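Novice: Here is a sequence together with a model predicted from it:
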Amino acid sequence: MLLAIDCGNTNTVFSIWNGDRFIATWRIATDHKRTADEYYVWLSSLMMLTKTEATVTDAIISSTVPRVVFNLRVLCNRYFDCRPLVVGKPECRLPVAPRVDQGTTVGPDRLVNAVGAHDRHGGDLIVVDFGTATTFDVVDTDGAYIGGVIAPGVNLSLEALHMAAAALPHVDVSRPARAIGTNTVACMQSGVYWGYIGLIEGIVREVRKERDRPMKVIATGGLASLFAQDTALFDSVEDDLTMHGLMLIDRYNKEMETA
Ligand SMILES: Nc1ncnc2c1ncn2[C@@H]1O[C@H](COP(=O)(O)OP(=O)(O)OP(=O)(O)O)[C@@H](O)[C@H]1O
Ligand SMILES: CC(C)(CO)[C@@H](O)C(=O)NCCC(=O)O
Ligand SMILES: [K+]
C-alpha cells in the first residue's frame, strides 16, 4: 500500500492508498523538529486505534517545507523499508512538465494539485487551494502547470491583523451574518470573509480574461466549502485533490519504471 504525505506549512496529512481507495487519513501539525520515531509512534497508534490494516510498501511526499523531508525520508526507510518519491526532486517525474520561468521552483503542492485536477476534469483549469497561503494554479489544456497566483491565507490574514494592531483580538474565520459588523470581532470577520470572496472573484476574472477561454474552477483545502456558500465560481469542491494527485504521480512513476 502507498503512504502519501502532503506536508504544508501548517499541517501535514498522511493518507493510505490500498490500490483502490484511500482507507485512512490523519493530520498532524507540521514541525520540522519531529523525528522519524515520533511520526511512527503517532502513525502506528492511529492505525491500531482505528483498526486500520495497512502494509505500507511505498511512499510519496509533497513538502512545501524543505527541512521536514529529511525526517520523513528516515520514517519511510526505517519503518516501512522503502525509498519515498519526493515531488519536485529530479527522480520524481510528472506526467507533464510545468511551463514557468527558468530557475523558478514551484511549490510541490501546486504541481500535485494540477495533476489531480486535470485527471478529474481535463481541460483548462484554475485550482484554488485554501491553505497557509491561498494559491491559484493555472492548468493548461494538456495538464501542464503554467503559473498562477499566491495570496495570503485566510487564517494568516486574520493573524496579521491581530499581530499588528494592539486592539485587535485573535479571531477565527467564519461567515459573518452581516457585512456591517457592530463589534470588533464581527468587523474583522466581515473584512476577511467578504474581502476573500472579492479576492477569489477578482483573481478568477482576471485569469480568465488573460487566458481568454473557458476555464473550470476547482477548489480544495479546509476552507473551500466555507467560501463556496457565497460564490458560484467553484465548479467543484474536493477535499482529497492533493492526495489524488500524489497517488497519480506515484502510479505514473511506477509505470515509467517498468516501461
Ligand atoms: N469551517 C471552517 N472554519 C474554520 N476553519 C476551518 C473550517 N474548515 C476547515 N478549517 C481549517 O482549515 C484548515 C485545513 O486546511 P488545509 O489542510 O487545506 O490547510 P492548512 O493545513 O491550514 O495549510 P497547509 O496545507 O498550508 O499546511 C484547518 O486549519 C482547519 O482548522
Ligand atoms: C505557496 C505555498 C506556500 C502554498 O502552500 C507553496 O506552494 C510554496 O511554498 N510555493 C513555492 C513558490 C511557488 O509555488 O511559486
Ligand atoms: K494543503
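Specialist: Cool, the structure landed. Numbering: from 1, shown residues only. Ligands and ions are numbered 1, 2, ... in the order given.
Novice: the helices in this protein, which residues?
Specialist: 36-49, 69-80, 108-121, 154-164, 184-211, 224-228, 241-258 (DSSP state H).
Novice: can you list those helices in a markdown table and add mean neighbour count?
Specialist: For glycine as for every other residue, the C-beta is placed from the backbone atoms N, C-alpha and C. Supplementary listing: the helices of the chain in a markdown table, determined by neighbours: other CB atoms under 10 Å:
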| stretch | mean neighbour count |
| --- | --- |
| helix 36-49 | 14 |
| helix 69-80 | 18 |
| helix 108-121 | 24 |
| helix 154-164 | 16 |
| helix 184-211 | 16 |
| helix 224-228 | 18 |
| helix 241-258 | 19 |
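Novice: can you redo these as CSV with mean pLDDT?
Specialist: As requested, the helices of the chain are exported to CSV (pLDDT from 0 to 100):
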stretch, mean pLDDT
helix 36-49, 98
helix 69-80, 98
helix 108-121, 98
helix 154-164, 97
helix 184-211, 98
helix 224-228, 97
helix 241-258, 97
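Novice: now these as CSV including distance to ligand 2?
Specialist: Converted to CSV, the helices of the chain look like this (distance: least, CB to the nearest ligand atom, whole Å):
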stretch, distance to ligand 2
helix 36-49, 20
helix 69-80, 13
helix 108-121, 5
helix 154-164, 10
helix 184-211, 14
helix 224-228, 14
helix 241-258, 10
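Novice: Those helices into JSON lines, with extra columns for distance to ligand 3?
Specialist: Shown next, in JSON lines, are those (distance: least, CB to the ion, whole Å):
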{"stretch": "helix 36-49", "distance to ligand 3": "18"}
{"stretch": "helix 69-80", "distance to ligand 3": "15"}
{"stretch": "helix 108-121", "distance to ligand 3": "5"}
{"stretch": "helix 154-164", "distance to ligand 3": "12"}
{"stretch": "helix 184-211", "distance to ligand 3": "17"}
{"stretch": "helix 224-228", "distance to ligand 3": "11"}
{"stretch": "helix 241-258", "distance to ligand 3": "6"}
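Novice: Relative to residue 145, which of those helices is closest?
Specialist: Distance to residue 145, taken as CB to CB, is lowest for helix 108-121 among these, at 4.1 Å.
Novice: which other residues reach that closest one?
Specialist: 6, 8, 62-64, 86-88, 94-96, 98, 125, 127, 129, 131, 135, 137, 139, 143-145, 148, 216, 218, 220, 235-236, 238, 241-246, 248-249 (CB atoms under 8 Å, 6 or more residues apart in numbering).
Novice: ok so, going back, right, so of the helices of the chain, which gets closest to ligand 1?
Specialist: Among the helices of the chain, helix 224-228 comes nearest to ligand 1, with 4.7 Å by CB to the nearest ligand atom.
Novice: Extract the C-alpha trace of that closest one and format it as CSV.
Specialist: In CSV, the C-alpha atoms belonging to helix 224-228 read as follows (Å, rounded to 0.1, in the frame of the first residue of the first chain):
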residue,chain,number,x,y,z
ALA,A,224,-13.1,25.8,0.3
SER,A,225,-16.6,24.7,1.4
LEU,A,226,-17.0,27.8,3.6
PHE,A,227,-16.4,30.2,0.7
ALA,A,228,-18.5,28.1,-1.7
